[in-house]
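Enquirer: What follows is a predicted protein model with its sequence.
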Amino acid sequence: MRAAKRARDAVVGVDTGGTFTDFVAIVGGRIVTLKEPSTPHAPELAVFRGLERLGVHAARVRHGSTVATNALLERRGARVVFVTTAGFEDALEIGRQHRPDLYALQPRRVPPLVPAARRVGVDERIGADGRAVRPLTPAAIANAVRRVRKLRPETIAVGLLHAPAHPRHERRLARALAALGVPVVSAAELCPEVREFERWTTAVVNAYLVPHAGRYVGALRKRLGPRLEIVLSHGGTASAAEAAREPVRQLLSGPAAGLVAAALVARHCGHPRALTIDVGGTSTDVAYTEHTLPRQRAREIAGFPIQLPLLDVHTVGAGGGSIARVDEGGLLEVGPGSAGAAPGPASYGRGGPATVTDAMVVLGRLPEMPLAGDVRLARAPAIAAMKALATTLRLRDAVAAAEAVVAIADSHMEAALRQVSVERGHDPRGAALVAFGGAGGLHACALANALDATAVLFPIEAGVLSALGALTGPERRERSRSVLCAATDVRRIAREVRALEAEVRRAFAPAERARVRFERFAEMRAEGQAHELSIPIGPGLVERFHREHERRFGFADRTRAVEVVTLDVRGVRPGPVAPRRAVATSTSRAAVPLARVRHDGRWLQARVLAMDAIASGARVPGPAIVLGAGGTLWIAPGWTARRHPRGALVLTRGRR
């Protein structure tokens, strides 16, 4: 009875990926990890199956996933009707007129989610000063409702001109449209900020995802009840009801959870500057962190600008399941297509295509072993897949094809890491590389060499680190509002901040409000600029803006007036604290098996060790393979791993 009670009182972090669904649970004061093959046709089934295996049916579950992201990428969303101020129906398509590829001979823009036939203009207009240039009459509302009904919407997005500052027309229109019985998303409520195109696109994406994400979250809520929390793109969690209502906030859910945990690992190991790389079955997520988690107030996802706070994670289609194929010109391509969970890579023995995982098996870095459920890596089908690829490419054998596949995958990952570091003014030299996900450790040494990183950190829960981040991440609520006032207008700023704090406080359950910590920021710019810098609110706000501008851009014009565009208030309540995993005090003396591994054009004998068999402080020189909780580490020659007291393996080159 006591054990059963502990199981029901457990806290579980879940991360649903394209290939595997990962679980980390705190049960009876200890950490338990688990991997399950994902079920893409019904992602909740893998979640339920994993919880049953853990024996924690009534547990508190904190869940991160790529369900909303995949629905957007694959265009599997709702039939949306967009309602806006007459004359602005085509703003979604016109956008900012940015050229996505400057040198493309036939540039192609991402088509809008709402075609012109489903964009409805309303005869109304509020000016920037709040004056009704064209009043919203009952006749105009009735006409809009009639036109929208004829278009048979599944969801409706409403975005009117100047609504963030003066929302009365948008609120009236949204209330009238709600009578049609389908979800209505108000752009001014979801994102009360300036810039119509970005705000309206964010609302349209949210409306597009509501039915799909709502069904998924609803299926989880039906089984798990009020204990379900969903990880959002800023790394915190929200209630399932809020997440179902605003799925656009989940677009970077899983990657954000992984970054939260990876940054903590780097800090525990004494590395304030770190690159993070999460290599899963379908994609690779990378980020750069220095002292604090990197954030953006807006970014493009799947070609659409999302004007909401999120962690700055960059994703590329290069994972273990990325398909290797020969293009029409006879060149080898790796990704972005993935073998997924079914059929999976060729080495799963289910008739899948050649993938990066198969290349690693052929090169000996991944031994034949069970993965999750009934999935087991097999060498023979991997060799057959690579032989077929070698024949098409006119290479000598399967090994040559496997080396080429890994080299291309490494180049994709290196380019992504350079994009979040070098291209944004951060020097990767001297930073640590935190490698996690099922395959992050297999590429880590090669990438660290290419970037001249100081060390590689391989966490003890590397294979399920995103699930751990979901479990331990904070509960977070954020509210923002555009104010467009002078930075010297201290009274206006203070009044608006107090109002936002009250909104954030109300978003938490009454019993939780006492533990909420507030963070207050101002998005600021010099008068006439088109971009802002985020500055913590406090004394000397204007001077701190100038100093940050000088640090970022090399100059500051202190003679120019400074304005606050948007105020941002964040409420944070700490998440569960994961107990430290016990680390062996002495390294096992049992005979260590050897594996034949291909490296730098030659075959080597590498030791194969279990992560749990390496004692605290013990050193493991390369070449070696370390099998961890759902993740594998390849220690290349010239690198040495040392077991950190907190459990991670810290890899350094040569005498470092």
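Expert: Alright, I've got the coordinates.
Enquirer: hey, where'd the helices end up in the stretch 301-450 of the chain?
Expert: Secondary structure of the stretch 301-450 of the chain, counting by DSSP state H, counting those that start in this stretch: helices at 356-362, 379-393, 398-420, 440-451.
Enquirer: I'd like those helices laid out as a markdown table, including mean neighbour count.
Expert: C-beta here means a position set from N, CA and C on the backbone, and glycine is covered the same way. Putting the helices of the stretch 301-450 of the chain into a markdown table (neighbours: other CB atoms under 10 Å) gives the following:
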| stretch | mean neighbour count |
| --- | --- |
| helix 356-362 | 30 |
| helix 379-393 | 19 |
| helix 398-420 | 21 |
| helix 440-451 | 24 |
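Enquirer: could I get these as CSV with distance to Tyr208 and mean pLDDT?
Expert: Below are these laid out as CSV (distance: least, CB to CB, whole Å; pLDDT from 0 to 100):
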stretch, distance to Tyr208, mean pLDDT
helix 356-362, 31, 95
helix 379-393, 37, 94
helix 398-420, 26, 95
helix 440-451, 31, 95
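Enquirer: For Gly127, find the nearest of those.
Expert: Distance to Gly127, taken as CB to CB, is lowest for helix 398-420 among those, at 41.0 Å.
Enquirer: Please compute how far the closest one lies from its chain's middle.
Expert: 21 Å (CA atoms, centre = their mean, to the nearest Å).
Enquirer: So what pairs up with Gln605 in the strands?
Expert: Bridge pairing for Gln605 (DSSP bridges) gives the partners Arg596.
Enquirer: who touches stretch 134-153?
Expert: Stretch 134-153 is contacted from outside by 79-81, 83, 117-118, 120, 122-125, 156, 169, 172-173, 176-177, 179-180, 182, using CB atoms under 8 Å, 6 or more residues apart in numbering.
Enquirer: same check, this time on stretch 46-64
Expert: Defining contact as CB under 8 Å, 6+ apart, one finds that stretch 46-64 is touched by 7-16, 21, 23, 25, 27, 32, 34, 36-39, 220, 223-224, 227-231, 237, 253-254, 256-257, 466-467, 469-471, 473, 575.
Enquirer: Contacts only, for Glu478.
Expert: Per CB under 8 Å, 6+ apart, neighbours of Glu478: His234, Pro309, Val504, Asp568, Val569, Arg570, Gly571.
Enquirer: make it 7 Å
Expert: By CB atoms under 7 Å, 6 or more residues apart in numbering, the residues touching Glu478 are His234, Pro309, Asp568, Arg570.
Enquirer: List the buried residues of the host helix or strand of it.
Expert: Using DSSP states H and E, Glu478 falls within strand 475-486. Buried residues in strand 475-486, counting neighbours by 16 or more other CB atoms under 10 Å, are found at Glu475, Arg476, Arg477, Glu478, Arg479, Ser480, Arg481, Ser482, Val483.
Enquirer: so where is the stretch 501-650 of the chain shaky, pLDDT-wise?
Expert: Judged by pLDDT under 70, the stretch 501-650 of the chain has its weakly predicted residues at 581-591.
Enquirer: which residues of it fall in strands?
Expert: Along the stretch 501-650 of the chain, the stretches classed as strands by DSSP state E, counting those that start in this stretch are 517-526, 533-536, 562-573, 594-599, 602-610, 619-621, 624-627, 632-635, 639-643, 649-653.
Enquirer: Are there helices or strands packed against the second one, and which ones?
Expert: When contacts are defined as 3 or more CB pairs under 7 Å, 6 or more residues apart in numbering; DSSP states H and E, strand 533-536 sits against strand 517-526, helix 541-553.
Enquirer: out of the ones you listed, nearest to Phe88?
Expert: strand 517-526 (24.0 Å).
Enquirer: relative to strand 475-486, how tilted is the closest one?
Expert: Strand 517-526 runs at 30 degrees relative to strand 475-486, counting by axes from the mean of the first three to the mean of the last three CA atoms, to 10 degrees.
Enquirer: Select from the contacts of stretch 46-64 every entry located in strands.
Expert: Of the contacts of stretch 46-64, the ones assigned to strands by DSSP state E are 11-16, 21, 23, 25, 27, 32, 34, 36-37, 228-231, 237.
Enquirer: For ChimeraX, what selects the buried ones among the residues you listed?
Expert: Only the buried entries of the ones in strands among the contacts of stretch 46-64 go into this ChimeraX selection, using 16+ other CB under 10 Å:
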select :11,12,13,14,15,16,21,23,25,27,32,34,36,37,228,229,230,231,237
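Enquirer: Contacts for stretch 379-388 next, please.
Expert: Stretch 379-388 is contacted by residues 346-347, 349, 353-354, 358-359, 361-362, 368, 398, 401-402 when judged by CB under 7 Å, 6+ apart.
Enquirer: want to try JSON lines for those, with distance to Leu293 as columns?
Expert: Compiled in JSON lines, those are given as follows (distance: CB to CB, whole Å):
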{"residue": "Ala346", "distance to Leu293": "38"}
{"residue": "Ser347", "distance to Leu293": "36"}
{"residue": "Gly349", "distance to Leu293": "40"}
{"residue": "Pro353", "distance to Leu293": "36"}
{"residue": "Ala354", "distance to Leu293": "37"}
{"residue": "Asp358", "distance to Leu293": "35"}
{"residue": "Ala359", "distance to Leu293": "33"}
{"residue": "Val361", "distance to Leu293": "35"}
{"residue": "Val362", "distance to Leu293": "38"}
{"residue": "Glu368", "distance to Leu293": "38"}
{"residue": "Ala398", "distance to Leu293": "42"}
{"residue": "Ala401", "distance to Leu293": "39"}
{"residue": "Ala402", "distance to Leu293": "36"}
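Enquirer: can you list the domains in this structure?
Expert: Domains of the chain are assigned by automatic domain parsing as 2-73+213-250, 80-210, 478-573, 594-653.
Enquirer: right, so those: which one is the most enclosed?
Expert: For these, the largest average neighbour count (mean count of other CB atoms under 10 Å) is found in domain 2-73+213-250, namely a mean of 21.
Enquirer: Quick one: distance of that one to the chain centre.
Expert: 15 Å.
Enquirer: and it, average pLDDT?
Expert: Regarding domain 2-73+213-250, the rounded mean pLDDT is 83.
Enquirer: How about stretch 304-317?
Expert: 88.
Enquirer: Out of the helices of the stretch 301-450 of the chain, the one nearest Gly330 is which?
Expert: Of those, nearest to Gly330 by CB to CB is helix 379-393, at 7.7 Å.
Enquirer: Grab the CA positions of that closest one and hand them over as CSV.
Expert: Written as CSV, here are the backbone C-alpha positions of helix 379-393 (Å, rounded to 0.1, in the frame of the first residue of the first chain):
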residue,chain,number,x,y,z
ARG,A,379,23.6,-4.7,-38.0
ALA,A,380,22.7,-6.8,-41.0
PRO,A,381,19.9,-4.6,-42.4
ALA,A,382,21.9,-1.4,-41.7
ILE,A,383,24.8,-2.8,-43.8
ALA,A,384,22.3,-3.8,-46.6
ALA,A,385,20.8,-0.3,-46.7
MET,A,386,24.3,1.4,-46.8
LYS,A,387,25.4,-1.0,-49.5
ALA,A,388,22.5,0.0,-51.7
LEU,A,389,23.3,3.7,-51.1
ALA,A,390,27.0,3.0,-51.9
THR,A,391,26.0,1.3,-55.2
THR,A,392,23.9,4.3,-56.3
LEU,A,393,26.7,6.8,-55.3
